[in-house]
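Attaching a predicted model along with its sequence, questions to come.
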Amino acid sequence: MKIKMPLLLLLFITTFANAQETMSVKGSQPFPATQNYTFICEKYAYTGEANIQIAKTDKGGVLKITIATTNDKTRIAGGLYVDLANADVIACLDKNVKETADGKTSSYYYFTPAEFAKLKKTDIKGIRFIITGGSNTFGDQTGYFTASNKMSYFSTAFDKSKKSFDTAAAITAL
């Protein structure tokens, strides 16, 4: 009985250690990816959140940004800036790779190998992006937004716990 318990525990741990997220872009082969982070987007009144996921590809990496919308004409469009904790900025061009489903819109932005190496060394501080849409009276909010790497909206001055996601460690593990 004493030997079976450590063996069972080892099997249980290895099963969950190998569980990794994946991301596929427009039906392509799945790439190993980080978890889906929920960044705080204070000025986006509809949800106040943007979901961020980063995957490692053969040619560098890819960032997927997803927001909830009220209609299917709303898109994340134009360039995107990834602000790093060390004050570096990675500018990403819009290659018009987008998806819309279930009240959410997603856009994909690609990193070169050099840019992906920067992401491995430094945490992401924020992501600046543009939301465009139709000119409906009751359409989605459009304009320029920043999704900040924060775990929650509020905290006290006495809370000494880490308040942001360790993106660099997760990207390095890919």
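Received it, and whenever you're ready, just let me know what you need. Numbers count the residues shown, from 1 in each chain.

Let me see the contact set for the residue nearest the centre of the chain.
Relative to the mean C-alpha position of the chain, the nearest C-alpha, by Cα atoms, centre = their mean, is the one of I52, at 1.4 Å. By Cβ atoms under 8 Å, 6 or more residues apart in numbering, the contact list for I52 reads 36-39, 63-66, 124, 127, 147. In this view, the C-beta of every residue, glycine as well, is placed from N, C-alpha and C.

go again using 10 Å as the cut-off
Contacts for I52 (Cβ atoms under 10 Å, 6 or more residues apart in numbering) come out as 34-39, 63-66, 82, 124, 127, 147, 149, 165, 167.

Same question for E21.
Under the contact definition (Cβ under 10 Å, 6+ apart), the residues listed for E21 are 30-36, 53-55, 170, 174.

go on, T100?
For T100, the contacting residues are 69, 71-75, 106-107, taking Cβ under 10 Å, 6+ apart as the criterion.

Quick check: it is in a strand.
Yes. Secondary structure assignment places T100 in a strand (DSSP: H, G, I helix; E, B strand; the rest coil).

re earlier: in PyMOL, select just the buried ones from the contacts of E21.
Here the buried members of those are turned into a PyMOL selection, burial being counted by 16 or more other Cβ atoms under 10 Å:
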select buried, resi 31+33+34+53+54+55+170+174
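
Which pair of the contacts of E21 spans the longest distance?
P30 and A170 (16.8 Å; Cβ to Cβ).

Which residue ranges of the protein form strands?
Counting by DSSP state E, the chain forms strands over residues 21-23, 31-33, 37-40, 49-57, 60-68, 75-84, 89-92, 98-101, 104-111, 124-132, 143-148, given from the N-terminal end onward.

List only buried entries from the contacts of I52.
The neighbour-count criterion (16+ other Cβ under 10 Å) marks 34, 37-39, 63-66, 82, 124, 127, 147, 149, 165, 167 among the contacts of I52 as buried.
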